[in-house]
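**Q** predicted structure and sequence below. I'll ask about it afterward.
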Amino acid sequence: MLQHFVKLRTAPGSLAPAPTAAPPGKHRVGGHPRWFSSGISTSLVVAVLALIAYGGHRTDWTVPKFSTLVGDSPVETEEWCKEHNVAESECIECHDCLLAPEMDYGWCKEHGIAQCPLHHPNVAQLREVPSISAETLDRAAMALRLLQRPENNSRCKLHQRRIQLASAESLDKAGIEIDVAAEGPIVEAIAAYGEVVYDETRTAHISSRVPGMAWRVDRQIGDQVREGDVLSLIDSADVGRAKAELLQAIAHLRHERTIVNRMKPLAADRSVSGKQFHEAEATLEDARIGLLRAEQALHNLGLPVTSDDLATLTTDEITEHLRLLGLPGALAAGLDGKSTTSNLYPLKSPLAGVIVERNLVAGEVVDTSTRLFTVVDTSRMWLVLNVRQEDAKYLSPGQTVLFRSSDRQGESEIRGRLDWISTSADDRTRTVKVRVDLPNADDRMRANTFGNGRIVLREEPRAVVVPTEAMHWDGCCHIVFVRDKHYLEPDAPKFFHVRKVRPGVKQGSATEIIAGLLPGEVIAGKNSVVLEAQLLKNNLGAGCGCADGH
């Protein structure tokens, strides 16, 4: 076919001119040199690319609708508000006629926010205007007065902005979840690391009052003892000597009393001179003092005895009574009275508790400087916390302290009371030591263990709390996005108010809002950074005006 077409073009008598031969060394295309056609092609390509770039720049590189490309339909596309990312005809930020801006109540100096719902409750996005109680205002005032709180810029106008959505479905597509500002308990405290130790006022380091030898040891480490229980019996010559001196003093007193009683009638009838009688009375008084001295010596050893108890006893009975002096009845009954020495000294516990230390075995020689037992009442313990120097100014005795031992992280905190604050700071760590009295009735705590303590500054059972991810810092203000109260109505615009807040304590994944939100207000929680990004984007633009002049 192609050959036939060529033949027709070259046949004699045809209108087409006969082809001419190209000069040697020259290649021609369509009657022009090849370099000329190559230059035309390159220029054409560059021109086409320039036109594409220009068109893309003018259309923001958006692909036109199919109807526009084909040109079969004259339907015009709806204009879009690029600044606020909604349809231009529905943009409440650009058109005040659609939704008038809220009344601006200005800056609240007391709470450090704009549009304060505590003073202007109609600002709250609730179905009904709430009433603010005096208790609520006092709670906010106390929280702001207690510690220095993060502040907002009073000149910031972010609270006048509103973040609108193209539709209710846009919220789900962006992955934004809503939450409700709710009332919940919070604890604001100063955290400090510390160590549990024995209560020194409930700890007894027991030594013998007399030197001697351990005749018998009845208690072991870990034994529970009561006040007055005998821990060991010490064989001490000093004890035997003190008992003998008492026995001698009793005998001397009885002898001198008999002499005075006999001389008294003789002195009355002058058979004995008054001088002799007075000398006998003086000797009796010395004997009485000697008895008191002997009694006191045994009292000093913890072996109380009085002459009145022995007044009616014979010398043998007194000797038997002194032999086992100070021993409990059950222990004394188990000893052979005849073979048991009178030198026994009972080493007793001065308080009820548990034996945590024993340094004594039977037959060991002891002196008065050796610590033989340590007994501790573990029903209460001490917690020693190291508080940062800058936090010490907030402390005062009597404050509640919550403590959890490092080996019991899954258990509830133990509640105690701050007893003592050191008057000096550690010269090395620059921390201040404080002491806390902790109950330990169930023996949950052990001495020399570490843990985390919280010194409570404020406990609030009805604080307004929100998820921490719902609160944002834009560089000058703390903000939360509050859903409009008409959001769920079918024809209502879908938008969030930008609300300035005054944050308080952070507790886990929640943050307290001291001022700026009221319970029940719906806020943007998870992924609310999408709204924050839109807010920051809007601040970069100059905004757009209302098309109808409003």
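**A** Received it, and whenever you're ready, just let me know what you need. Numbering: from 1, shown residues only.
**Q** use CA for all of it now, contacts and neighbours both
**A** Fine.
**Q** can you list the low-confidence ranges for the stretch 301-450 of the chain?
**A** Applying pLDDT under 70 to the stretch 301-450 of the chain flags residues 336-339.
**Q** paired strands for the biggest strand by length in the chain, with orientation please.
**A** Scanning the chain for the longest strand, with DSSP state E as the assignment, gives strand 449-467. In the sheet, strand 449-467 lines up against strand 182-198 (antiparallel), strand 400-405 (antiparallel), strand 510-515 (antiparallel) (DSSP bridges).
**Q** what mean pLDDT does the longest one get?
**A** Along strand 182-198, the predicted local confidence has a mean pLDDT of 95.
**Q** quick one, grab the pLDDT at residue 498.
**A** Value for residue 498, per-residue pLDDT: 95.
**Q** separation between it and residue 489?
**A** 20 Å (Cα to Cα, to the nearest Å).
**Q** tell me which of those two has more neighbours.
**A** Using other Cα atoms under 10 Å as the criterion, residue 498 and residue 489 rank with residue 498 on top: 22 against 9.
**Q** where's the more buried one, which helix or strand?
**A** Using DSSP states H and E, residue 498 falls within strand 495-500.
**Q** what pairs with that strand, and is each one parallel or antiparallel?
**A** strand 162-164 (antiparallel), strand 478-483 (antiparallel).
**Q** what does the shortest one contact?
**A** What it means is strand 162-164. 84-86, 91-93, 493-498, 531, 534-535 (Cα atoms under 8 Å, 6 or more residues apart in numbering).
**Q** which helix or strand lies directly C-terminal to that strand?
**A** Taking DSSP H and E, what comes next after strand 162-164 is helix 168-173.
**Q** pLDDT on that next one, on average?
**A** Here the average pLDDT along helix 168-173 is 88.
**Q** mind listing what the helix or strand just after that helix pairs with, with the direction of each?
**A** Next along the chain after helix 168-173, taking DSSP H and E as the criterion, comes strand 178-180. Strand 178-180 pairs in its sheet with strand 522-524 (antiparallel), by DSSP bridges.
**Q** how does the chain divide into domains?
**A** Listed by automatic domain parsing, the domain ranges of the chain are 25-75, 86-188+460-540, 191-201+376-458, 237-342.
**Q** columns distance to residue 362 on top of the ones you listed, output as TSV?
**A** Formatted as TSV, these follow (distance: least, Cα to Cα, whole Å):
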stretch	distance to residue 362
domain 25-75	99
domain 86-188+460-540	55
domain 191-201+376-458	23
domain 237-342	16
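**Q** the ones you listed: which one's closest to residue 226?
**A** domain 191-201+376-458 (10.0 Å; Cα to Cα).
**Q** so for that closest one, first residue to last residue, what's the gap.
**A** 13 Å.
**Q** after the helix ranked longest in the chain, which helix or strand is next?
**A** Using DSSP state H, we find that the single longest helix of the chain is helix 237-268. Toward the C-terminus, helix 237-268 is succeeded by helix 274-300 as the next helix or strand (DSSP H and E).
**Q** which helices and strands does that following helix pack with?
**A** Using 3 or more Cα pairs under 8 Å, 6 or more residues apart in numbering; DSSP states H and E as the contact test, the elements touching helix 274-300 are helix 237-268.
**Q** 10 Å instead, please
**A** The contact analysis (3 or more Cα pairs under 10 Å, 6 or more residues apart in numbering; DSSP states H and E) places helix 274-300 against helix 237-268, helix 307-310.
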